[in-house]
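Q: Mind looking at a prediction? Sequence and model below.
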Amino acid sequence: MPRSINIANAPVSYGAFELTVGRDANVPDGIGVLDQVAAAGYEGIDLGPAGYLGLGTELAVRLATRKLALAGAYLELPFSDEAALGVTLPALDQILDIFDGVPVPADRPPPRPTLADAGSDARRAHPGRSARDRGFGHDAAAWRRFGEGLARAVRRCRERGYEPTFHHETGTYVEAPWEIERVLEVSDIGLCLDTGHLLLGGGEPVAAARQLAPRINHVHLKDARRSVMAGIVADDAPVTAIWSREAFVPLGTGDLDLDGVVRALRETGYGGWLVVEQDVFPTTAARFGQAAEDQRSNRARLARLGL
């Protein structure tokens, strides 16, 4: 019998993330986002910035009253820099503490600590370059340090009873397919397949969903337009252009073979959270409103595929 796929969303789809929360008056509050996610028919939500949705008992009650569960929490860490990693690991502890305060419903998967590389100024200034230039990536020594640092974070999660997942992200040291492969070589961590970032990084999501199936333990489902990424590369624009130019688009309107990805996940027996994301960086109240409508449409699109 196939395992269950549970559909979640994330605050970033509504324009709420570290660069906007507390800085942009148009950003919806956490309760508003929880209401929108629940009303659209999602079963879970990613944490977003710590405290944005609430903390402790307050967060647990807000989720339970809306029949939502926590799907995970995204955190970038400097794995290849031992000293910097030691300074930033308490942020991981904070996320795990938040997870501890929220009961997991019997019919939902537990939340995944979603770990990503922190990148560098150079990588953020030149997103996409590593797909064409491997010299722009880590050398052997840096990959060794990366593996050691990632192992520290993975142990931290497992000691607390959580199984983490690794998220590849444009503008970090793990964005191109070859870099994803290196992570899987230097660590036993599961992979968060992010279909949108894989498209932007030069990969093929359907093929990855099949070939990497034994390692995939979490999915971020995004659609994206490669033409936007090509323009960003041609203009030598920074990674923030991915959001300001809206490289991520509603499901079914970009270059993602959505039906093919869903079919691959089902045929390979994937079970767990599938987090719909459409990272946006709205600058007007109207655009924030459109973000909510997009997520209703995204949920309806998946429902038509039987999810």
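A: Done, it's in. Only a predicted model underlies this, so the values are computations on that prediction, with no experimental measurement involved. Numbering: from 1, shown residues only.
Q: switch to C-alpha atoms for all contacts and neighbour counts from now on
A: OK.
Q: Report the residue spans of the chain with pLDDT below the cut-off.
A: Applying pLDDT under 70 to the chain flags the ranges 1-3.
Q: Would you state the helices of it in chain order?
A: Using DSSP state H, the helices of the chain run over 30-39, 56-65, 82-100, 121-125, 140-159, 177-186, 195-200, 205-211, 226-234, 241-244, 258-267, 285-304.
Q: Let me know which of these is the nearest to residue 131.
A: Among the helices of the chain, the nearest to residue 131 by CA to CA is helix 177-186 (7.5 Å).
Q: Restricting to C-alpha, output the closest one in CSV.
A: Extracted C-alpha coordinates of helix 177-186, given in CSV (Å, rounded to 0.1, in the frame of the first residue of the first chain):
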residue,chain,number,x,y,z
PRO,A,177,23.0,18.8,-9.3
TRP,A,178,26.7,17.9,-8.9
GLU,A,179,26.7,19.7,-5.5
ILE,A,180,23.6,17.8,-4.3
GLU,A,181,25.3,14.6,-5.2
ARG,A,182,28.4,15.5,-3.2
VAL,A,183,26.2,16.2,-0.1
LEU,A,184,24.7,12.7,-0.4
GLU,A,185,28.2,11.3,-0.7
VAL,A,186,29.6,13.0,2.4
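Q: what's the offset of that helix from the middle of its chain?
A: Its chain's C-alpha centre lies 17 Å from the corresponding centre of helix 177-186 when counted by CA atoms, centre = their mean, to the nearest Å.
Q: Kindly spell out which helices and strands sit in contact with it.
A: Here helix 177-186 touches helix 140-159, going by 3 or more CA pairs under 8 Å, 6 or more residues apart in numbering; DSSP states H and E.
Q: quick revisit: would you format the helices of the chain as a markdown table with distance to residue 134 and mean neighbour count included?
A: Listed next are those as a markdown table, based on distance: least, CA to CA, whole Å; neighbours: other CA atoms under 10 Å:
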| stretch | distance to residue 134 | mean neighbour count |
| --- | --- | --- |
| helix 30-39 | 40 | 18 |
| helix 56-65 | 43 | 16 |
| helix 82-100 | 23 | 16 |
| helix 121-125 | 12 | 16 |
| helix 140-159 | 12 | 17 |
| helix 177-186 | 9 | 16 |
| helix 195-200 | 16 | 26 |
| helix 205-211 | 20 | 18 |
| helix 226-234 | 16 | 16 |
| helix 241-244 | 21 | 18 |
| helix 258-267 | 27 | 17 |
| helix 285-304 | 35 | 16 |
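Q: want to throw those into JSON lines with distance to residue 170?
A: Below are the helices of the chain laid out as JSON lines (distance: least, CA to CA, whole Å):
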{"stretch": "helix 30-39", "distance to residue 170": "25"}
{"stretch": "helix 56-65", "distance to residue 170": "30"}
{"stretch": "helix 82-100", "distance to residue 170": "20"}
{"stretch": "helix 121-125", "distance to residue 170": "8"}
{"stretch": "helix 140-159", "distance to residue 170": "17"}
{"stretch": "helix 177-186", "distance to residue 170": "11"}
{"stretch": "helix 195-200", "distance to residue 170": "6"}
{"stretch": "helix 205-211", "distance to residue 170": "15"}
{"stretch": "helix 226-234", "distance to residue 170": "10"}
{"stretch": "helix 241-244", "distance to residue 170": "9"}
{"stretch": "helix 258-267", "distance to residue 170": "20"}
{"stretch": "helix 285-304", "distance to residue 170": "22"}
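Q: can you tell which of those is closest to residue 19?
A: Ranking the helices of the chain by proximity to residue 19 (CA to CA) places helix 241-244 first, at 11.0 Å.
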